[in-house]
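*Asks:* Task: produce atomic coordinates for the following.
(4 chains)
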2 protein chains.
Amino acid sequence: MIISTKGRYILRVMIDLAEHCGDCYVPMKDVAERQDISLKYLEKLLPVLTKNHMIEGVHGKGGGYRLTRTPEKYSVGEILRLTEGDLAPVACLECDPKPCVRTAECRTLPMWQKFTGMMNDYFDGITIADLMRDDFEG
Amino acid sequence: MIISTKGRYILRVMIDLAEHCGDCYVPMKDVAERQDISLKYLEKLLPVLTKNHMIEGVHGKGGGYRLTRTPEKYSVGEILRLTEGDLAPVACLECDPKPCVRTAECRTLPMWQKFTGMMNDYFDGITIADLMRDDFEG
DNA sequence: CCATTTACCCACCTACCTAGTAGGTAGGTA
DNA sequence: TACCTACCTACTAGGTAGGTGGGTAAATGG
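*Replies:* Numbers count the residues shown, from 1 in each chain, chains lettered A, B, ... in the order given. Just a heads-up that it's a prediction; the model follows:
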């Protein structure tokens, strides 16, 4: 399995934010309840999004989070790369791979590389706005 | 990361068997040495292959393992599905998924499903014989 | 018959990751 | 002042990845 709950939950949070009150602030408590995800766990996943200015939060009553862009400006690939750290199918293609002495002669590396490209292209081609469409089929 | 060392090692073992002495038996000790993989670990990965008749082994001196088909008759997808158990990118698409009550309304499921299809198609379209070609580019 | 070679089987182990929980503090609003 | 919400730190149970160690069973050469 390549995509952990982290990435899947965050994607659902982004869609939820986009669907509810696009411009006002939505408390995470509501999102957690609607999406049936532990609030405490969600809280742990959000910092990576705020630090990268994907969403912004305000404290206090009437506060919460909201998107910083319109839904069509978020690609799924971008979000998944942030939350998953990486979208590499094998260890040797991760951000800081352990040096592998077999790289030059590796008969499987080109296959992994091409697949990584396919995967990134696919997810980069889908936006949050796409996921909100009822007739979206992938 | 979706493909563990299990799948990657096994793929290299299959290629090694195909490249060395196609019809005679090759001891795992030699493969482990050539591929620089722990023999003990490899031994643990092989049963799934023998049980599914992907390779066959004979005991004793002069023994070892060999492929049961010609290299072009093995698809990478088939091998990976055996060793990885599955090629599902998310938990809800695994072989025996936990029932998810949100399936009907899930806005991300079609995306995961299409991706799963793409992935399986890609790896099903590559054979061990392809991986042996020097000009193979994925 | 015996030593050697090989497959094959089983128990165990360590480090790390996943998916949480608990208990706060800081900032903002009515 | 009461309340709400983001935000921060620490902890933890359980599982998985990636092995290691110690054997046994089958086949062969001498």
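*Asks:* contacts, neighbours, all on C-alpha from now
*Replies:* Noted.
*Asks:* Which residues of chain A lie near DNA strand C?
*Replies:* Counting by Cα under 7 Å from any atom of the strand, the residues of chain A close to DNA strand C are A:4-6, A:37-41, A:44, A:58-63.
*Asks:* Return the nearest residue of chain A with respect to DNA strand C.
*Replies:* residue A:60 (2.7 Å; Cα to the nearest atom of the strand).
*Asks:* residue contacts, that residue?
*Replies:* With contacts taken as Cα atoms under 8 Å, 6 or more residues apart in numbering or on different chains, residue A:60 has no neighbouring residues.
*Asks:* end-to-end on stretch A:93-105?
*Replies:* One end of stretch A:93-105 to the other measures 16 Å (Cα to Cα, to the nearest Å).
*Asks:* What lies in contact with it?
*Replies:* Counting by Cα under 8 Å, 6+ apart, A:86-88, A:91-92, A:109, A:112-113 sit against stretch A:93-105.
*Asks:* Can you list the buried residues in that stretch?
*Replies:* For stretch A:93-105, a neighbour-count test (16 or more other Cα atoms under 10 Å in any protein chain shown) marks residue A:93 as buried.
*Asks:* tell me the average confidence for that stretch?
*Replies:* Across stretch A:93-105, the average pLDDT comes to 80.
*Asks:* now that stretch, how far from the centre of its chain.
*Replies:* 26 Å (Cα atoms, centre = their mean, to the nearest Å).
*Asks:* Same question for stretch A:46-64.
*Replies:* 15 Å.
*Asks:* Please put the alpha-carbon coordinates of whichever strand or helix holds residue A:79 into CSV.
*Replies:* Per DSSP states H and E: residue A:79 is located in helix A:76-84. Output of helix A:76-84 as CSV, limited to C-alpha atoms (Å, rounded to 0.1, in the frame of the first residue of the first chain):
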residue,chain,number,x,y,z
VAL,A,76,-3.8,15.9,-5.7
GLY,A,77,-0.2,15.1,-6.5
GLU,A,78,1.0,18.2,-4.7
ILE,A,79,-1.1,17.3,-1.6
LEU,A,80,0.0,13.7,-1.5
ARG,A,81,3.7,14.6,-1.9
LEU,A,82,3.4,16.8,1.1
THR,A,83,1.6,14.4,3.4
GLU,A,84,3.2,11.2,2.2
